[in-house]
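Novice: What would the 3D arrangement of this be:
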Amino acid sequence: MKTTLTLFLMFFVLGLSAQPDGSIAHILKESEFKKCPYASAESYNVLPDKKGNLIASGLFYIQEEGLYDDRVIKFNEEGIIIAESKTGAMLPFYKVLLQEDNKVVYFTSTYENGVPYGKVVRLNEDLTVDKGFNSASEVRDIMPAVNGAGAIAIDKQNRIYVGGMKRLGPEPENERFIYRLLPDGSLDKDFQNALPTQVNTYTYGITVQNDGKILVAGVTTSNSSSIIRLNENGSLDETFNVSLAGGNAFNMLIDHENRILVGGTFTDCNGQPAHKLTRLFQDGTTDIAFSTGSGFGDYHDYKIRNLWLHENGKIGVSGYIYQYKNDYIKEFAILNDDGSLWKSYKWNSVFDDLSSVYSMCKINDDELAVFGLFGSTYKIGQIGGGVIAGTTEQIFEDVSSNKAWLSNNTLELYSKESADYEIYSVTGKLVARGSLKDKKENLSVSDWPNALYIIYFYSKEVITSKKVVKN
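Specialist: Numbers count the residues shown, from 1 in each chain. Below you'll find the model as predicted:
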C-alpha cells in the first residue's frame, strides 16, 4: 500500500510540474496588448465571472482598428477572447464589479455638450450594453465627473453605490458625493445625502458591510484622509470615524470575522504607524493583533491596489509594493491572520519580465489571476497550485527531504530537518497542524473523509508540499 501510494504521489507531483517552463503558471493566449503611454494603472481591472471566465477592462490597443479604446474583454479558461464590449466610453473604467447574475457594472465619465459627468453602465453577460439600465438620465445633472477619483460597490439587493468627487466650478444645488442606484439604474431618492461638503471631496473607496452599513474612504477639504460610515439609509454613523495620515485608503474588505481590512498609500491610522495596510474592528478602532510593523514601507508612491481573502483565513495583497517588513516581495504577498508574511514568492520564468501588477484577483483557493505590465506589453496570467503554495522550485526541488504517506488510516509524516506542517483538504479547510520535533509523526485519519489532502512543510524559509489521497 505504502509503495503504491508513494509512486502515485510522485506521478501526481511530477505531472503537476510538467507544464510550460516547469510550472503551472501561464499567460492567457490572447491577452497580450501594446502598452498605452497615457493610461493609468488604476483603470485596469481583472475579475472572475461565475462561469470560470476572466473579465478584463482597460484602455487596450485594438490591432484590427489601429487605435486605443476602452474595452471590457472576456477570456475563457483556455485564454481565448469570447466576448468584447464596444461601449464608446470616453474616460477609463475606474471600478468594475460583477453582479450575481453575471452582468458587469462599471463607473466611468463621459461628456454631453462639452460638460463632463459621471456615468454608471451595465453590460449583459455577452458584454453588450444593457439598455434596460439607465443611470445617466437621472444623475447626469448631479453626478460630477470622476477625474481620477471614484468608487463603486454593490450590496446584497443589487443596489449600486457610487462615489464621485467635488465638481469643479458651479455646483448644482442637488449634487451629491455618494449615490445609491436601484437595480434598474434609477436613482434611489430615499437614500439620504448625509455627507457635508467638508467630509467628502474625493471618494476613493466604498464597501458595504454585512449589516448594510456603508464604509466610505475619501479626502476632506482640509486635505486629511478618513474613513466614515453611513447607515443603510444614507445617514452618517457618527459613532464611526477613522483618521488616516500620509496618504489615502483605496481598498476596504470585510473579512470572515467582520473586521475591516484597509489598504492604500497611508502610513498612519488612528495615530498609530500603519504602512499601507491596517485592520479595524467594527467600531473603527485598530486591531493591534494584526501586526504589520514596517509593513510595505514609507515610500509615498507605494500603493496597495487589491485586497482579497485567500484560503484558510489568509489575506492577499497586491499593488505597487516591493517589500514587506524588509522582506523582498514581487508586487504581491499573502499574509497570515496576525499580519506576518505567510510566504514570499519567486516568479518562475513565465513572469520574469513582469514589472508591475495592476490588478489581481482570486479565481479559487489555489489560483490567482494577474493583470500587469510585462516588459512593454500588458498581459494577463494565471498562477496556481504549486506556485501559490510557495514556488515551483521550492516544492519540487527535493522529493526526498519531506515525505507523507498513508498506511491503514495512519498518515505518516517525515522531514529530514525539523519542520512545522499544515494539512488542508482540497476545499481549503485546515484539518491539522503541528511540528515535527523528532522529524516524524503519525496521525490517525480514520475520521477524515475520503478525499485529497495537501501537506505543507515549513523549514528554514523553504516550503514543500505533498499530496495524499484517502480512499
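Novice: use CA for all of it now, contacts and neighbours both
Specialist: Noted.
Novice: How is the protein divided into domains?
Specialist: Under the assignment automatic domain parsing, the domains of the chain span 2-9+395-469, 24-390.
Novice: Give me the distance from the first one to the chain's centre.
Specialist: Here domain 2-9+395-469 is found 30 Å from its chain centre; the criterion is C-alpha atoms, centre = their mean, to the nearest Å.
Novice: that older thread, deepest-packed of the domains of the chain, please.
Specialist: Neighbour counts (mean count of other C-alpha atoms under 10 Å) averaged over each of the domains of the chain peak at domain 24-390, with a mean of 19.
Novice: Next up, the contacts around Lys437.
Specialist: By C-alpha atoms under 8 Å, 6 or more residues apart in numbering, Lys437 lies in contact with Ser418, Ala419.
Novice: Can you tell me the closest non-neighbouring residue to Pro48?
Specialist: Leu54 (4.5 Å; C-alpha to C-alpha, 6 or more residues apart in numbering).
Novice: so that neighbour bridges to which residues?
Specialist: Pro48, Phe75 (DSSP bridges).
Novice: need the contact list for it.
Specialist: Val46, Leu47, Pro48, Lys74, Phe75, Asn76, Glu77.
Novice: now do 6 Å
Specialist: Applying C-alpha atoms under 6 Å, 6 or more residues apart in numbering, we find Leu54 in contact with Leu47, Pro48, Lys74, Phe75.
Novice: Which of those sits closest to His26?
Specialist: Phe75 (13.8 Å; C-alpha to C-alpha).
Novice: My read is that the closest one contacts Ile81, right?
Specialist: Yes. Using C-alpha atoms under 6 Å, Phe75 is in contact with Ile81, at 4.5 Å.
Novice: re earlier: how about the contacts of Leu54 in JSON lines, adding pLDDT and distance to Tyr328?
Specialist: Listed next are those as JSON lines, based on pLDDT from 0 to 100; distance: C-alpha to C-alpha, whole Å:
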{"residue": "Leu47", "pLDDT": "94", "distance to Tyr328": "26"}
{"residue": "Pro48", "pLDDT": "94", "distance to Tyr328": "28"}
{"residue": "Lys74", "pLDDT": "96", "distance to Tyr328": "33"}
{"residue": "Phe75", "pLDDT": "95", "distance to Tyr328": "32"}
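Novice: Going by distance to Tyr61, which of those wins?
Specialist: The closest of the contacts of Leu54 to Tyr61 turns out to be Lys74 (C-alpha to C-alpha; 15.5 Å).
Novice: Tell me the spacing between the closest one and Ile363.
Specialist: Distance, Lys74 to Ile363, by C-alpha to C-alpha, to the nearest Å: 14 Å.
Novice: before we move on, what about Asp352?
Specialist: The gap separating Asp352 from Ile363 is 22 Å, by C-alpha to C-alpha.
Novice: Please apply the same query to Tyr299.
Specialist: For Tyr299, the distance to Ile363 - C-alpha to C-alpha - is 30 Å.
Novice: again, but for Leu443
Specialist: In terms of C-alpha to C-alpha, Leu443 sits 32 Å off from Ile363.
Novice: Please apply the same query to Glu65.
Specialist: 31 Å.
Novice: just His310 next, same as before
Specialist: Taking C-alpha to C-alpha, one finds His310 at 10 Å from Ile363.
Novice: Which residues are in contact with His275?
Specialist: Contacts for His275 were tallied using C-alpha under 6 Å, 6+ apart; they are Thr267, Gly295, Phe296, Gly297.
Novice: Closest one to Leu127 out of those, please.
Specialist: When the contacts of His275 are compared against Leu127 (criterion: C-alpha to C-alpha), the nearest one is Phe296, at 36.9 Å.
Novice: Model confidence for the spatially closest residue to the closest one that is not a sequence neighbour, exactly?
Specialist: Among residues not flanking Phe296 along the chain, Tyr324 sits closest, at 4.7 Å (C-alpha to C-alpha, 6+ apart). Looking at Tyr324, its pLDDT stands at 85.
Novice: For beta bridges, what are the partners of Tyr324?
Specialist: Asp327.
Novice: Confidence-wise, which of the domains of the chain is weakest overall?
Specialist: domain 2-9+395-469 (a mean of 73).
Novice: shouldn't Ile260 be in contact with Gln282?
Specialist: No. The criterion here is C-alpha under 6 Å, and Ile260 misses it with Gln282 at 7.0 Å.
Novice: Dihedrals phi and psi, the nearest residue to Glu125 once chain neighbours are set aside?
Specialist: Closest residue to Glu125 apart from its sequence neighbours, by C-alpha to C-alpha, 6+ apart: Lys103 at 5.1 Å. Dihedral pair for Lys103: phi -90, psi 150, per degrees, to the nearest 10.
Novice: And Ala41, by the same measure?
Specialist: Dihedral angles (degrees, to the nearest 10) for Ala41: phi -60, psi -30.
Novice: Pull up the gap between it and Asn251, please.
Specialist: According to C-alpha to C-alpha, Ala41 stands 15 Å off from Asn251.
Novice: do the same with Gly218
Specialist: 11 Å.
Novice: Overlap in contacts, the two.
Specialist: By C-alpha under 6 Å, 6+ apart, no residue touches both Gly218 and Asn251.
Novice: hey, where'd the helices end up in this structure?
Specialist: Assigned by DSSP state H, the chain shows helices spanning 2-17, 136-139, 386-389, 392-396.
Novice: who are the neighbours in contact with Thr108?
Specialist: Phe93, Gly118, Lys119.
Novice: quick revisit: okay, the residue nearest to Glu125 and Thr285: tell me how far apart.
Specialist: 36 Å.
Novice: re earlier: out of the contacts of His275, flag the one nearest to Leu373.
Specialist: Once C-alpha to C-alpha is applied, the member of those that ends up nearest Leu373 is Phe296, at 20.6 Å.
Novice: Thought Gln323 was touching that closest one, still the case?
Specialist: Yes. The pair Phe296 / Gln323 is scored as a contact, 5.5 Å apart, by C-alpha under 6 Å.
Novice: what separates the closest residue to Thr203 other than its chain neighbours from Glu257, distance-wise?
Specialist: Residue nearest to Thr203 in three dimensions, not counting chain neighbours: Gly218, with 4.4 Å by C-alpha to C-alpha, 6+ apart. The gap separating Gly218 from Glu257 is 24 Å, by C-alpha to C-alpha.
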